[in-house]
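Colleague: A predicted structure for the sequence below; I have some questions about it.
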Amino acid sequence: MFWNKNREISPEGREVSEHCQAEAEQLYRSGKYHCAEAVLETVRRNFSPDLPESIVGTVSGFGGGSSSGCICGAVSGGTVALGLVLKDKKEVTHLTKELHTWFKGKYDVTCCKIIRQNHKGACPVLTGEVAGKVAEMLGSK
């Protein structure tokens, strides 16, 4: 069963989502992680803690829109996190589409360069929001 964007989130699910949002934002602000890394590390810690932290290195190239200003690194990190936790390709594809649709609804685009022009200083916050949304989606499974 796929995540339903109209589904009510349980109090526990809301708590996990809020925790992940705060954690990812803090990781980003720490300077140790960029957007994609912070999202993936937060999801790893909370949903797949048995995986090594070194897995976060797999998304190191996604920061700053893959260093070219293209797709937002937080969204890319969220997409990888979904694939890391879930094993069903159709489910990951569906949730990735939902993540992108949700993000575009919030920020109008998924392009890092445009987001940084139109929403100056938003990267720490949107990193947290993406991690929270991914946690919400995974918690509704």
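Modeller: Thanks, I have the structure now. Residues are numbered from 1 along each chain as shown.

Colleague: quick check, central residue of the chain?
Modeller: residue 78 (3.2 Å; Cα atoms, centre = their mean).

Colleague: not counting its neighbours along the chain, what's nearest residue 55?
Modeller: Leaving aside its sequence neighbours, residue 55 sits nearest to residue 44 (Cβ to Cβ, 6 or more residues apart in numbering; 6.3 Å). For the C-beta atoms, the positions are set from N, CA and C on the backbone; glycine is no exception.

Colleague: tell me how far residue 25 lies from residue 125.
Modeller: 6 Å (Cβ to Cβ, to the nearest Å).

Colleague: of those two, which one has the most company?
Modeller: Using other Cβ atoms under 10 Å, the more surrounded residue of residue 25 and residue 125 is residue 25, with 22 against 16.

Colleague: quick one: contacts for the more buried one?
Modeller: Shown in contact with residue 25 (Cβ atoms under 8 Å, 6 or more residues apart in numbering): 38, 124, 125, 127, 128, 131.

Colleague: surely the fifth one meets residue 24?
Modeller: Yes: if you go by Cβ atoms under 8 Å, residue 128 and residue 24 touch, sitting 4.7 Å apart.

Colleague: now the helix-or-strand element of the chain with minimal mean pLDDT, how far from the centre of its chain.
Modeller: Lowest by mean pLDDT, DSSP states H and E among the helices and strands of the chain is helix 63-64, with a mean of 85. On the basis of Cα atoms, centre = their mean, to the nearest Å, helix 63-64 sits 13 Å off its chain's mean C-alpha point.

Colleague: I would like the residues contacting the next helix or strand after it, please.
Modeller: Later in the chain than helix 63-64, the nearest helix or strand by DSSP states H and E is helix 73-85. Residues from elsewhere that reach helix 73-85 (Cβ under 8 Å, 6+ apart): 34-40, 43-44, 47-48, 51, 55, 58-59, 62-66, 92, 95-96, 99-100, 103, 110, 112, 123, 126-127, 129-131, 133-134, 137-138.

Colleague: list the contacts for residue 138?
Modeller: 43, 47, 82, 85, 86.

Colleague: now, of those, which are buried?
Modeller: 43, 47, 82, 85, 86 (16 or more other Cβ atoms under 10 Å).
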